[in-house]
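>>> sharing a model prediction with you, sequence too.
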Amino acid sequence: MKKPDPRLKAAGVTGYNKPKRTPGHPTKSHVVVAKSGDQVKTIRFGQQGVSGSPERIGESTADRKRREAFKARHAGNIAKGKMSAAYWADKTKW
């Protein structure tokens with residue numbers, strides 16, 4: 001029987017590729033233990049205290065442009081996939 005990965009317990013998440021909020025962390029708002037193939041990595045992402053995606057129903061033009069600007073600015077890193085913080089920030093916060 002396989003032992004559970006200690007990185008999951010250390011990060012406080014229930015499984016691989018399951019992001020979780022970290023309100024007690026001084027700088028980062030989320031954590032995820034990312035797994036892609038045999039590679040496993042703990043990733044902290046998102047600025048503490050900053051909202052990401054606003055409500056999309058009836059959102060303002062400024063909110064839409066803010067989201068589009070984030071995605072355009074980080075497009076290269078988002079495209080790197082599950083092992084990048086930008087991918088998780090885009091998926092979770094935006």
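That came through fine.
>>> and residue 33, what element?
strand 28-36 (DSSP states H and E).
>>> whoops, I mixed them up, residue 16
Residue 16 belongs to no helix or strand, assigned by DSSP H and E.
>>> where does it land on pLDDT?
As predicted, residue 16 sits at a pLDDT of 96.
>>> now the spatially most central residue of the chain, what's its secondary structure?
Compute the mean C-alpha point of the chain, and by C-alpha atoms, centre = their mean the closest residue is residue 88, 2.9 Å away. Here residue 88 is recorded as helix under DSSP: H, G, I helix; E, B strand; the rest coil.
>>> re earlier: centre of the chain to the strand holding residue 33, how far?
What separates the centre of strand 28-36 from the centre of its chain is 6 Å, taken as C-alpha atoms, centre = their mean, to the nearest Å.
>>> so after that strand, what's the next helix or strand?
Past strand 28-36, the next helix or strand by DSSP H and E is strand 39-47.
>>> residues contacting that following strand, please?
For strand 39-47, the surrounding residues in contact (C-beta atoms under 8 Å, 6 or more residues apart in numbering) are 5, 7, 10-11, 16, 22, 25, 27-35, 52, 83-86, 88-89, 92-93. Heads up, the C-betas are built off the backbone N, CA and C, glycines and all.
>>> so what strands line up beside that strand?
Partner strands for strand 39-47, per DSSP bridges, with pairing direction: strand 28-36 (antiparallel).
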